[in-house]
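Asks: Below are the sequence and a predicted model for it; my questions follow.
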Amino acid sequence: MTRTAVQARPLLIAVGLAAGPAVALGLARFAYALVLPAMRADLSLSFATAGALNTANAAGYLLGALVAAPLATRLGLRTAYLGGLVVTAAAVLASAGTGSVPLLAALRLLSGATGAVVLVLGGGLAARAGRDAGAQQATRLLAVYFCGGGAGILLSGLAVPPVLAAAGWRGAWVVLGVLAFAALAAAVPAARAVPADDAPASDRRAGRLPLRPLAPLLVCYGMFGAGYIAYMTFIVAYLRSEGAGAGTVTAFWALLGAAATVAGFLWAPLLAQLRAGRGIALILGVLVLGAALPLLPGGLPVAMLSAVPFGGAFLTVVAAVTAAARQYLQPRHWTAAIAALTTAFAAGQCIGPVLSGTLSDGPGGVRAGLGLGAALLAVAIGVALLVRDRRAGAPAAEQAPAQARPPAQSE
């Protein structure tokens, strides 16, 4: 096999595994913002209630992050990843069948929990696929994997608005569910192609995850989770309030998804050269720009422009934080580290929608909620600058990549 073919195989696996974030993030989580205005009108939901439904999803995400690693130990990475993907798709599809707020909240909770399992364990599989890669290639694989979320946003942006106009919000959930099940066609062969864990049994005892070196990353990631979700939950409602029609919303969401899809490829070479904290801070700076644009004078045109910097940064933050954790830790800790970071991220997402939704119901309207999100992201920049570059913490990953081994999980 040629060197090019050897290098291409992990990349193709990462592309297939990216169907996981496409479903867990793009379809099950972020597409809610597209369906929300129609649901609010039909079900007479306040912004606070709409935010609470997304908080239910974030609470499920928190639960899923906590159980992902133990679940993978019990069932195996592949089985747990694919099983979570199936349940997430089923929960999305089932959302079309009820107008009950408690039932919708339960489905949002379920899709959040299984979506987190998919995201965490898919990251573990992507790390295993690139276990012999150096820092730059490993960063590229993680960026490709998380770009799946952008592809899901792009897909939902093209599919949902026309369906909303023809079949309402229930029809939109049906289409999202069908797309989620269709993603299995890419995810299943990719998961099966990931090399088996051939580490000795003694190496599979990961031991206690060292949280101290991860502390600034955990705080930063939690602030990011609380800040970005305000934009992703309420930006479509804001566009509607500024007079945007279905075509404009479709264009905006597709632009956001397209920017998120290609961003990882563009950021990866730069991130591989920058120190971890500076790289994360730089991406967060671009994200703050995107989050702040709708708050500036100019109305709808300026808000539309925000899709480019925001879409081009928010999923790359996820990849950059994950890559930073990879620098700090031995390979046996990678999956546990992704789970811990996702837990902090989910905790922030639990807080963000309620706070921004409550502010949006006040005299400041949706702009106030969006302003809160931008402020939290600005604080996250300062925390990111506290993250030190400690490559010595992961010698097997950075100094001797050929001997690196994937996160310890049973098959």
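Replies: Nice, thanks for sending it over.
Asks: and Y32, how far is that from L125?
Replies: Per Cβ to Cβ, to the nearest Å, Y32 is found 26 Å from L125. To be clear about C-beta, it is placed using only N, CA and C from the backbone, and glycine gets the same treatment.
Asks: quick one: which of these two has more around it?
Replies: L125 (28 against 25; other Cβ atoms under 10 Å).
Asks: Can you list the low-confidence ranges for this protein?
Replies: Scanning the chain for pLDDT under 70 picks out 1-8, 130-136, 196-207, 209-210, 331, 389-411.
Asks: one more time with 50, if that's ok
Replies: Judged by pLDDT under 50, the chain has its weakly predicted residues at 1-7, 198-205, 391-411.
Asks: Grab the longest helix from it for me.
Replies: helix 148-182 (DSSP state H).
Asks: Could you list the buried residues of that one?
Replies: 148-157, 159-161, 163-164, 168-177, 179-181 (16 or more other Cβ atoms under 10 Å).
Asks: The helix or strand following it vs helix 148-182, what angle?
Replies: Once helix 148-182 ends, the next helix or strand along the chain (criterion: DSSP states H and E) is helix 184-193. For helix 184-193 against helix 148-182, the angle by axes from the mean of the first three to the mean of the last three Cα atoms, to 10 degrees is 110 degrees.
Asks: Can I get helix 184-193 in PDB? Just the C-alpha atoms.
Replies: Taking Å, rounded to 0.1, in the frame of the first residue of the first chain, the C-alpha atoms of helix 184-193 are listed here in PDB:
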ATOM      1  CA  LEU A 184     -26.000   5.500   9.400                       C
ATOM      2  CA  ALA A 185     -25.000   4.600   5.800                       C
ATOM      3  CA  ALA A 186     -21.700   6.500   6.400                       C
ATOM      4  CA  ALA A 187     -21.300   5.900  10.100                       C
ATOM      5  CA  VAL A 188     -21.500   2.100  10.100                       C
ATOM      6  CA  PRO A 189     -18.700   1.300   7.600                       C
ATOM      7  CA  ALA A 190     -16.500   4.000   9.100                       C
ATOM      8  CA  ALA A 191     -16.900   2.600  12.700                       C
ATOM      9  CA  ARG A 192     -16.200  -0.900  11.500                       C
ATOM     10  CA  ALA A 193     -13.000   0.200   9.700                       C
END
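Asks: so what does the helix or strand following that helix touch, helix or strand wise?
Replies: For helix 184-193, the following helix or strand on the C-terminal side (DSSP H and E) is helix 215-241. For helix 215-241, the elements it packs on are helix 32-43, helix 47-75, helix 246-273, helix 276-292, helix 300-305, helix 314-328, helix 334-360, helix 365-384, judged by 3 or more Cβ pairs under 8 Å, 6 or more residues apart in numbering; DSSP states H and E.
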